[in-house]
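Peer 1: below: sequence and its predicted model.
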Protein chains: 2
Amino acid sequence: MNKIEVKKGQILQRKGDLNTKVYQVESGLLRSYSIDEKGKEHIYMFAPENWIIADNQPPDIPCELFIDALEDSVVISTEKNDLSITNEDSKKIIKRLGVLQNRIIMLMSASAIECYEYFIKTYPDIVQRVPQKLIASYLGITPEALSAAKRTRALKK
Amino acid sequence: MNKIEVKKGQILQRKGDLNTKVYQVESGLLRSYSIDEKGKEHIYMFAPENWIIADNQPPDIPCELFIDALEDSVVISTEKNDLSITNEDSKKIIKRLGVLQNRIIMLMSASAIECYEYFIKTYPDIVQRVPQKLIASYLGITPEALSAAKRTRALKK
DNA sequence: TTTATTTCTTAATGTACATTAATGACATTG
DNA sequence: CAATGTCATTAATGTACATTAAGAAATAAA
């Protein structure tokens, strides 16, 4: 845990980094963002004074988010291991953050088909257990659009 | 903290409820969902065996999510106060869950203008501090679309 | 079984937003 | 100062997905 000064534009973390830190903003403004296959940026979160910002993947998995400074900032950086989070309930909550993070990145940047394929990977069993229209409702699209997405996906293979 | 059996279709929690609980699924399948102004459902999360499901607003604020059973299920329900979460770091993480929850509901169900207006309410100061194109990137739309959204909004007033 | 009810798919049309490109306002640099 | 880059806006066109409607297919009920 140490205090650092960052200049506007400076990058604190890149996608793929391991063992990422948690940043607490004392002054200034940070942001986290992902970059999709087409090279487009999608801002995941802004972090002004007194916010914390971090990638919410487990420490042993390559992170998804870039973090950089939108203004000159003063930031306290902490190792995830140094956080005082020991009990089971808190650990479950942190896992949940990772799920939600991926969900938001999907919703911001992916097409219907991509969302669907990611969903199948994440919940292979659920696809069998619930009607298609509920899956569409989870993906934020209509059942008709999901049906069409599956059709065009089948054509590709 | 007590174990309950729920039948398929049974509702455990409604939007607007206070002091909502955390549900841990032993068997079966629950879901949480929001309903937008047009009456359309948007599934926020599926919770099969060993998942937890809850509304992530603070206990004193009316919750956003409905929770019901998609299959006959056995569920352990816990008061949020009874969770062993005492330290500051964990509390900050829980606040974060609330922010992400609102973000996902927005991305699933709201139009560009609605997203923008919600953003202004949530981060009134950020709007002044960053270029429009970054706000567009946060909302998941292009700067052009944001510009058009603001134009039509101005016409309405 | 027959009759409903729900669910999935297909197709026609509509709309919100993306893409591309051009323009002018500002700021930055030499 | 001109030259360059960044940013916001507008308009023309394109596309992904929504909406609406209608017909199969599966499920549940009588």
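Peer 2: Yep, it's here.
Peer 1: neighbours of the residue lying closest to A:L30 once chain neighbours are set aside, just the number please.
Peer 2: In this structure, A:L30 finds its nearest non-sequential neighbour in A:A47, 4.5 Å apart by Cβ to Cβ, 6 or more residues apart in numbering or on different chains. Where you see a C-beta, it was placed from the backbone N, CA and C, and this is true even at glycine. Neighbour count for A:A47, taken as other Cβ atoms under 10 Å in any protein chain shown: 23.
Peer 1: surely A:A47 meets A:V22?
Peer 2: No: using Cβ atoms under 8 Å, A:A47 is not in contact with A:V22; the gap is 10.8 Å.
Peer 1: overlap in contacts, these two.
Peer 2: Common neighbours of A:A47 and A:V22 (criterion: Cβ atoms under 8 Å, 6 or more residues apart in numbering or on different chains): A:I53.
Peer 1: how far away is the residue nearest to A:L30 from A:K7?
Peer 2: Using Cβ to Cβ, to the nearest Å, one obtains 16 Å as the distance from A:A47 to A:K7.
Peer 1: got a list of what the nearest residue to A:S137 once chain neighbours are set aside touches?
Peer 2: Counting by Cβ to Cβ, 6+ apart, B:I43 is the residue found nearest to A:S137 once chain neighbours are left out, at 4.5 Å. Contact partners of B:I43, counting by Cβ under 8 Å, 6+ apart, are A:134, A:137-138, B:31-33.
Peer 1: contacts for the longest helix along chain A?
Peer 2: Across chain A, the longest stretch assigned as helix under DSSP state H is helix A:88-109. With Cβ under 8 Å, 6+ apart as the contact definition, helix A:88-109 has outside contacts at A:34, A:36, A:40, A:42, A:44, A:55-58, A:64-65, A:85, A:114-115, A:118, A:122, A:140, B:52, B:83-85, B:90, B:93-94, B:96-97, B:100-101, B:103-104, B:107-108, B:140.
Peer 1: list the buried residues for the least confident helix or strand in chain A by mean pLDDT?
Peer 2: Here the helix or strand of chain A ranked lowest by mean pLDDT, DSSP states H and E is helix A:143-156, holding a mean of 82. Judged by neighbour count (16 or more other Cβ atoms under 10 Å in any protein chain shown), helix A:143-156 contains these buried residues: A:146, A:149.
Peer 1: let me see the mean pLDDT of stretch A:99-111.
Peer 2: The predicted model assigns stretch A:99-111 a mean pLDDT of 92.
Peer 1: just to revisit the earlier point, which SS class is the residue nearest to A:S137?
Peer 2: strand (DSSP: H, G, I helix; E, B strand; the rest coil).
Peer 1: circling back: the longest helix of chain A and DNA strand C, any residue contact?
Peer 2: No: under the criterion of Cβ under 7 Å from any atom of the strand, DNA strand C is not reached by helix A:88-109; the shortest gap measures 9.4 Å.
Peer 1: now for the residue nearest to A:L70 when sequence neighbours are not counted: which residues touch it?
Peer 2: The shortest distance from A:L70 to any non-neighbouring residue, by Cβ to Cβ, 6+ apart, is to A:L29 (4.5 Å). Counting by Cβ under 8 Å, 6+ apart, A:L29 touches A:46-48, A:69-71, A:73, B:126, B:129-130.
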